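> Please work out how this folds:
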Amino acid sequence: MNLRVFNKNLLIISVGQVFSFTSPVVAVLLGGIIGSKLIDNYYLVTLPTALMIVGTAVGSLFASKLMEIKGRRFGFSFAAILNSFSSLICAYAISVDSFALFCIGNLSIGLSVSFAQQYRFAASESVKKNDIPKAVSLILLLGIIAALVGSNIVSISKDIYITKYIGSYLALSFLAIIPFFLFIFYKDEERVKIENKNTRSSVKEILSNKDIQISIASAGVGYTVMSILMTATPIYLNIMQGYSIFSTGLVIQLHVVGMFLPSLITGNLINKFGHQRLIYSGIFILFTCLIINYTFQTYEAYMIGLILLGVGWNFLFVSGSSLLVLSYKKEDRFLAQGVNDFVVFSTQSIGSLSAGFLLYMIGWKILNLVCAPILLLFLIFSFRNFSRN
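Next up is the predicted model:
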């Protein structure tokens with residue numbers, strides 16, 4: 001990453017990314033495990049994790065609209081407070097054995113994440129046009145640190161209280177509030193003055209853009225496949241296969257490294273080979289992941305499969321995000337970003353909601369096969385759109 005890309009705003013966004021995204025990492029790692037202890041219905045154990053993603057989807061349009069009115073600084077500061085408070089709700093829910101309250105806490109975390117997901121767009125607005133893919137990649141790369149912090153917080157603080165994992169969420173609450181103090185020094189971009197509101201595009205016009213269609217589909221498919229398998233993995237390894245929370249957490253950590261470490265080069269790869277080739281590469285890598293998960297049933301295979309799942313997601317998500325930023329008019333950015341995140345995280349929430357049910361109904365191997373048609377349909381769709389474009 002070239003240091004010339006950095007400026008004060010991008011630095012604040014980068015540090016904020018680390019502390020804001022510890023919450024979703026912990027929610028994914030612990031959501032199903034804690035859910036299985038709070039409710040006897042195994043079909044619903046992934047509901048807390050799924051609701052976190054639902055909260056992200058539902059809050060996307062609100063987050064982008066609030067930032068359009070009040071600015072990025074206000075939106076990100078509000079998200080930090082909400083994130084911290086939500087973690088406290090989860091801690092209290094565990095202490096009183098309330099599955100419903102734990103679900104509410106995760107839903108609320110998701111609402112805060114809908115704001116934090118705008119970090120990548122704020123970063124792209126802080127740099128020159130040619131540096132947009134690198135800025136998006138940088139923000140995602142820092143997710144590695146968030147994953148390591150989140151996973152280790154779970155291990156270090158889970159036994160602080162008599163009831164396991166209360167300490168994890170209390171520590172999470174402390175970390176989540178840190179970005180609030182950082183964004184005091186953030187400088188909002190000047191508002192785009194629009195003399196005639198009719199120059200703004202409608203949702204229909206935005207979605208008619210072929211590049212925007214591909215960008216939304218790329219991020220959406222990447223997130224859907226990833227959320228199905230990632231949400232199911234902790235339950236499958238820890239509950240069904242009997243691996244320890246440490247071993248399960250290690251697989252999730254390596255998966256998150258696979259998600260974010262390629263960001264060191266993804267921006268450069270996009271600049272060199274283009275969005276189209278990176279998207280096709282991401283699809284190929286995800287197909288390889290499915291084959292490994294279906295064929296091999298060893299701990300090492302789970303590691304490799306989940307790492308590839310992360311890499312494939314990275315190629316699709318970074319390509320989709322950077323292509324989106326290059327495809328809309330500046331006065332449409334908040335609407336386009338909100339619509340994008342709403343669609344992307346709605347599809348992700350569907351994947352996460354179905355993960356637990358499908359895992360117990362059809363098993364791990366068939367669960368991987370379910371993802372194959374999704375990738376195949378997207379491959380056909382992207383090929384047709386790129387050809388027409």
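> who's in contact with the closest residue to residue 326 other than its chain neighbours?
Distance criterion C-beta to C-beta, 6 or more residues apart in numbering; nearest residue to residue 326, sequence neighbours excluded, is residue 132 at 6.8 Å. Bear in mind the C-beta positions are built from the backbone N, C-alpha and C, glycine included. By C-beta atoms under 8 Å, 6 or more residues apart in numbering, the contact set of residue 132 is 124, 322, 325-326.
> Which of the residues you listed fall in helices?
Residues of these located in helices (DSSP state H): 124, 322, 325.
> ok, the closest residue to the last one other than its chain neighbours - contacts?
Distance criterion C-beta to C-beta, 6+ apart; nearest residue to residue 325, sequence neighbours excluded, is residue 124 at 4.7 Å. With C-beta under 8 Å, 6+ apart as the criterion, the residues that contact residue 124 are 132, 135-136, 321-322, 325.
> Just the buried subset of those, please.
Applying 16 or more other C-beta atoms under 10 Å to the contacts of residue 124, the neighbour count classes 132, 135-136, 321-322, 325 as buried.
> how about these in a markdown table, adding pLDDT?
Formatted as a markdown table, the buried ones among the contacts of residue 124 follow (pLDDT from 0 to 100):
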| residue | pLDDT |
| --- | --- |
| 132 | 78 |
| 135 | 81 |
| 136 | 78 |
| 321 | 85 |
| 322 | 85 |
| 325 | 82 |
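> Can you list the helices and strands that the lowest-mean-pLDDT helix or strand in the chain packs against?
The helix or strand of the chain with the poorest confidence is helix 143-157; it has a mean of 76 (mean pLDDT, DSSP states H and E). In terms of contacts (3 or more C-beta pairs under 8 Å, 6 or more residues apart in numbering; DSSP states H and E), helix 143-157 is packed against helix 8-20, helix 22-38, helix 166-176, helix 245-260.
> Pick the most deeply packed of those.
The highest mean neighbour count among these, using mean count of other C-beta atoms under 10 Å, belongs to helix 22-38: a mean of 25.
> Can you tell me the SS state at residue 306?
The three-state label given to residue 306 by DSSP: H, G, I helix; E, B strand; the rest coil is helix.
> Isn't residue 352 up against residue 57?
No. Between residue 352 and residue 57 there is no contact under C-beta atoms under 8 Å: 10.2 Å.
> So which of those two has more stuff around it?
residue 352 (30 against 22; other C-beta atoms under 10 Å).
> what helix or strand does the more buried one sit in?
In this assignment (DSSP states H and E), residue 352 forms part of helix 333-388.
> Please work out the average pLDDT along that helix.
Rounded to a whole number, the mean pLDDT of helix 333-388 is 86.
> Could you do stretch 261-268 as well?
84.
> for stretch 119-127, same thing?
pLDDT averaged over stretch 119-127 gives 84.
> That stretch: how far from the chain's middle?
A distance of 16 Å separates the C-alpha centroid of stretch 119-127 from that of its chain, computed with C-alpha atoms, centre = their mean, to the nearest Å.
> how about low-confidence regions in the protein?
Applying pLDDT under 70 to the chain flags the ranges 1-6, 43, 190-199, 388-389.
> okay, how far is it across stretch 264-282, tip to tip?
16 Å (C-alpha to C-alpha, to the nearest Å).
> For that stretch, buried residues please.
By 16+ other C-beta under 10 Å, the buried positions in stretch 264-282 come out as 266-267, 269-270, 275-276, 278-282.
> Kindly report the same for stretch 343-361.
343-360.
> And stretch 177-191, by the same measure?
178-180, 182-183, 186.
> would you turn those residues into a markdown table with secondary structure and distance to residue 140?
Output for these, formatted as a markdown table (DSSP: H, G, I helix; E, B strand; the rest coil; distance: C-beta to C-beta, whole Å):
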| residue | secondary structure | distance to residue 140 |
| --- | --- | --- |
| 178 | helix | 20 |
| 179 | helix | 17 |
| 180 | helix | 22 |
| 182 | helix | 19 |
| 183 | helix | 20 |
| 186 | coil | 20 |
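> Distance to residue 254 added to these, as JSON lines?
Listed next are the buried residues of stretch 177-191 as JSON lines, based on distance: C-beta to C-beta, whole Å:
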{"residue": "178", "distance to residue 254": "26"}
{"residue": "179", "distance to residue 254": "26"}
{"residue": "180", "distance to residue 254": "31"}
{"residue": "182", "distance to residue 254": "29"}
{"residue": "183", "distance to residue 254": "31"}
{"residue": "186", "distance to residue 254": "33"}
